[in-house]
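Engineer: Have a look at this prediction, sequence included:
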Amino acid sequence: MLTIFKRLPLLHRALICLFAALIIMALFFLPDPAQLSQHRSNYQVGKLYSLPIDESLLNRSEVTTLPRVTRWENIVVRPGESAAVLFKRIGQSSGLLHRLIHSDPQINKQLSLLRPNDELFFGFNKQDQLIQIRRQLSTFETFVVNKTTDGFRAEIEQKQVNVQFNYTEATITSSFWNAAIDANLTPNQIMSVAGIFGWDIDFALDIRPQDSFKLLYEEKIVEGEIVDQGRILAAQFSNQGQTFKAILDEESGNYYDEQGRAMKKAFLRSPVDFRRVTSNFNPNRRHPVTGKVTAHRGTDYAAPVGTPIYSAGDGVVLKSGYNQFNGNYVFIKHSNTYITKYLHLQKRRVKGGQRVKQGETIGTLGGTGRVTGPHLHYEFLVNGVHKNPRTVKLPQSKSLTGSKKQQFLSLAQQRLTELERYRTLLTAHVD
């Protein structure tokens, strides 16, 4: 038998050895089939079996179960009330407040920022122990304090905020404010529009019937509801036949026109928030006191006494004083070329030689000096010559340059295209 095996080819002998080895392993190392059948019969298909866990292997310090709130108490902060006074009023100890503010810096910060009419919600458990404080910071943010095993922990709960675009437009019939309200703009958005175009349009004097505007702006959506009408992304304002466009540069937060020139210029068109005006620029105006036709080299703005008056541009206060004709007055020198004058102020808030910034309050509107009623008289001089502040050509606005300009021009084209697309969709929907 061995002789026959030796005569076989080498490959055949190797295969025979391999099979023999496999048979030996199956006989000595595999479990008894009967045992396998018995073990398998202990389990049933579809039945759930528990998995034993060694609890000693768990890190119990990482397992935190927050106590359950069983009672809420809504507390409104009273005028002059600090956190210590508030805690005493609701029957909570100063020791508890001490532990709170030393558990987390954010808790200390929030309880130090309490203001009258702020609302706080205090949550208590069955043992009437304070275990949670909630304070709503915004429509989508809530400051929460939770009691833990080793003190208190603060966190900010945030709801998911989705942002979408919206569009509105209006044609002015009575006033810009009324038209904007009818277009569902918020007061903040209305003032934003006036601020964006305030270097080109005097919203107190220049607005006329049939002027129009259209806006593309953001809306914030939380849980399917609009919670905030946000930034204006692109705007177009047509005023007395002239159209101005503005696009937000999101990186800088500034607005530029479609050519990349800054909307912000060296001077505001109006040194006061837009209100009704008693008289416009008129070089042949009849003086209201003397009745004589004298040059009225400026513009009068009527508004409630005490209305803030702003510096039209950066500069240095040339004069700040009083006389029987001008009443309280302020003259500001902006350069060797430009001077602005503000007359009949109720109060002056700047002194001679003081540097001021554009938009800084320099006084309040009043009726001092030779006047028939409270108003601001505003003059704009170029090289010593009176000019109409509403129409005078202002220093050229700055332009974006280089790669920033190219990036902005691409964005501006996109925004203006979206503005027109939304207008088309709105028009089609109305039709």
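Structural biologist: Arrived safely. Being a predicted model, the structure only gives us computed values, none of them experimental. Numbers count the residues shown, from 1 in each chain.
Engineer: Can you get me a residue count around Lys220?
Structural biologist: Using other CB atoms under 10 Å, the number of residues around Lys220 comes to 17. All C-beta spots, glycine's among them, are computed from the backbone N, C-alpha and C.
Engineer: Paired strands for the helix or strand harbouring it, with orientation please.
Structural biologist: For Lys220, the host element (DSSP states H and E) is strand 212-222. Here strand 212-222 is paired, per DSSP bridges, with strand 161-171 (antiparallel), strand 225-239 (antiparallel).
Engineer: Single out the most deeply packed of those strands.
Structural biologist: With neighbours taken as mean count of other CB atoms under 10 Å, the strands paired with strand 212-222 reach their highest mean count in strand 225-239, at a mean of 18.
Engineer: Going by neighbour count, list what's buried in the helix or strand following that one.
Structural biologist: Heading C-terminal from strand 225-239, the first helix or strand you meet, by DSSP H and E, is strand 242-249. Residues 244-249 are the ones in strand 242-249 that count as buried (16 or more other CB atoms under 10 Å).
Engineer: Would you mind giving these as CSV with pLDDT added?
Structural biologist: Below are those laid out as CSV (pLDDT from 0 to 100):
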residue, pLDDT
Phe244, 96
Lys245, 97
Ala246, 97
Ile247, 97
Leu248, 96
Asp249, 95
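Engineer: from the residues you listed, which is closest to Ser335?
Structural biologist: Phe244 (25.1 Å; CB to CB).
Engineer: In contact with that closest one, which residues?
Structural biologist: Shown in contact with Phe244 (CB atoms under 8 Å, 6 or more residues apart in numbering): 197, 200-201, 236-238, 257.
Engineer: ok, so of those, who is nearest Tyr422?
Structural biologist: Nearest to Tyr422 among the contacts of Phe244, with distances taken as CB to CB, is Gln236, at 11.7 Å.
Engineer: The closest one contacts Lys245, doesn't it?
Structural biologist: Yes - if you go by CB atoms under 8 Å, Gln236 and Lys245 touch, sitting 5.1 Å apart.
Engineer: got any residues that touch both of those two?
Structural biologist: With CB under 8 Å, 6+ apart, Gln236 and Lys245 have no common neighbours.
Engineer: quick one on the thing from earlier: quick one: which two of the contacts of Phe244 are the most distant?
Structural biologist: Ser238 and Asp257 (14.1 Å).
Engineer: what is Gly315 paired to in the beta sheet?
Structural biologist: What pairs with Gly315, by the bridge criterion (DSSP bridges), is Val356.
Engineer: List the beta-bridge partners for Tyr301.
Structural biologist: Assigned bridge partners for Tyr301, using DSSP bridges, are Leu376.
Engineer: Now stretch 341-356: buried residues?
Structural biologist: Neighbour count says stretch 341-356 has 341-346, 348-350, 356 buried, by 16+ other CB under 10 Å.
Engineer: about what we covered before: ok, the buried residues of strand 242-249 vs Val144, which is closest?
Structural biologist: Of the buried residues of strand 242-249, the one sitting nearest to Val144 (CB to CB) turns out to be Leu248, at 33.8 Å.
Engineer: give me every residue that touches the nearest residue to that closest one once chain neighbours are set aside.
Structural biologist: Leaving aside its chain neighbours, Leu248 sits nearest to Leu233 (5.2 Å; criterion: CB to CB, 6 or more residues apart in numbering). Residues in contact with Leu233 (CB under 8 Å, 6+ apart) are 165, 216-218, 247-248, 415, 418.
Engineer: isn't Tyr301 right up against Val272?
Structural biologist: Yes - Tyr301 is within contact range of Val272, at 5.0 Å (criterion: CB under 8 Å).
Engineer: Please enumerate the shared neighbours of those two.
Structural biologist: 204, 365, 376, 378.
Engineer: who wins for neighbours among those?
Structural biologist: Leu376 (27 neighbours).
Engineer: That residue and Leu343 touch, don't they?
Structural biologist: Yes - between Leu376 and Leu343 there is a contact at 7.3 Å, judged by CB under 8 Å.
Engineer: can you give me the helices in this structure?
Structural biologist: Using DSSP state H, the helices of the chain run over 2-7, 10-29, 33-40, 83-89, 94-103, 105-112, 176-182, 187-196, 402-430.
Engineer: Which of these has the lowest mean pLDDT?
Structural biologist: Per-stretch mean pLDDT for the helices of the chain is lowest at helix 33-40 (a mean of 51).
Engineer: gap between Pro395 and Leu426?
Structural biologist: Remark: distance between Pro395 and Leu426 (CB to CB, to the nearest Å) = 37 Å.
Engineer: Just give the closest residue to Leu114, not the sequence neighbours.
Structural biologist: Using CB to CB, 6+ apart, the closest residue to Leu114 is Val77 (4.9 Å).
Engineer: That neighbour reaches Gln110, doesn't it?
Structural biologist: No - applying CB under 8 Å as the test, Val77 and Gln110 come out as separate, 11.8 Å apart.
Engineer: quick one: which of those two has more around it?
Structural biologist: Per other CB under 10 Å, whichever of Val77 and Gln110 has more neighbours is Gln110, with 21 against 17.
Engineer: Report the separation between the residue lying closest to that one once chain neighbours are set aside and Arg423.
Structural biologist: Leaving aside its sequence neighbours, Gln110 sits nearest to Phe143 (CB to CB, 6+ apart; 5.5 Å). According to CB to CB, Phe143 and Arg423 sit 41 Å apart.
Engineer: same question, Val161
Structural biologist: Distance from Val161 to Arg423, by CB to CB: 26 Å.
Engineer: so where's the stretch 301-431 of the chain uncertain?
Structural biologist: 428-431 (pLDDT under 70).
Engineer: Spatially central residue for the protein, please.
Structural biologist: Gly230 (6.6 Å; CA atoms, centre = their mean).
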